[in-house]
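Colleague: What follows is a predicted structure for the sequence shown.
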Amino acid sequence: MIKMDVLKIKSTIIVCLICVVAIFIMSCKDRNHSDEEVQISSDSLMVISQLWKTDSMGCLHLRNPHKITRLIEQTNLIGKDSTLIKKYLGEPNQVSFLKGEKYYTYWLECVGEKNISYSNFYCYFRGDSLYSYRHSIY
């Protein structure tokens with residue numbers, strides 16, 4: 001009777017260890033192959049850029065802030081001047097100045113009745129160098 005209990009305990013421990021190892025391996029695999037680490041080809045980046053610029057008012061719903069973020073990160077646009085930013089993103093819908101800093105606003109949707117876009121992508125400049133960007137939805 002005692003031998004059976006010991007065997008059950010040993011087999012339970014082995015099954016638990018196998019489960020822990022399997023979970024550990026799967027979690028490592030997910031981290032190593034996440035979508036964020038996969039590089040987008042330069043041809044695909046140019047397609048993303050062209051679609052973004054084609055939809056200059058955001059009305060065609062071709063502007064994807066997540067893809068343009070990947071483009072900015074992968075092409076190392078932080079620290080680059082506004083001319084290069086415009087090459088990839090086109091002319092901004094609005095240029096604003098706040099506390100001596102310039103920022104570009106790109107609309108992600110058609111403007112409403114009051115000529116306001118509630119979903120925008122912002123590029124922030126110090127001098128003429130891009131230092132930050134963000135996507136906002138009100």
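Modeller: Yep, that arrived. Residues are numbered from 1 along each chain as shown.
Colleague: Phi, psi for residue 132 please.
Modeller: With angles defined as degrees, to the nearest 10, residue 132 sits at phi -160, psi 160.
Colleague: That one: neighbour count?
Modeller: 12 (other Cβ atoms under 10 Å). The C-beta positions use only the backbone N, C-alpha and C, and glycine is treated the same way.
Colleague: and the residue nearest to it when sequence neighbours are not counted, what are its bridge partners?
Modeller: Nearest-residue entry for residue 132: residue 124, 4.3 Å, with adjacent residues in sequence omitted and distances by Cβ to Cβ, 6 or more residues apart in numbering. Residue 124 forms beta bridges with residue 103, residue 132, as assigned by DSSP bridges.
Colleague: any idea which element residue 66 lies in?
Modeller: Assessed by DSSP states H and E, residue 66 sits inside helix 65-74.
Colleague: what comes up buried for that helix?
Modeller: 65, 67-68, 70-72 (16 or more other Cβ atoms under 10 Å).
Colleague: Could you do stretch 91-104 as well?
Modeller: Here stretch 91-104 shows 92-93, 102-104 as buried, counting by 16+ other Cβ under 10 Å.
Colleague: ok, which stretches of the chain are strands?
Modeller: Under the criterion DSSP state E, the chain carries strands at the ranges 94-98, 101-107, 119-126, 129-137.
Colleague: what's the closest of those strands to residue 81?
Modeller: Across these, residue 81 has its closest neighbour in strand 129-137 (6.2 Å, Cβ to Cβ).
Colleague: Which neighbouring elements make contact with that closest one?
Modeller: Using 3 or more Cβ pairs under 8 Å, 6 or more residues apart in numbering; DSSP states H and E, the elements in contact with strand 129-137 are helix 65-74, strand 119-126.
Colleague: Specify which residues of the protein, grouped into ranges, have pLDDT under the cut-off.
Modeller: 1-37, 138 (pLDDT under 70).
Colleague: Not counting sequence-adjacent ones, nearest residue to the most centrally placed residue in the chain?
Modeller: When Cα atoms, centre = their mean is applied to the chain, the residue found nearest the centroid is residue 66 (3.8 Å). Closest residue to residue 66 apart from its sequence neighbours, by Cβ to Cβ, 6+ apart: residue 135 at 7.8 Å.
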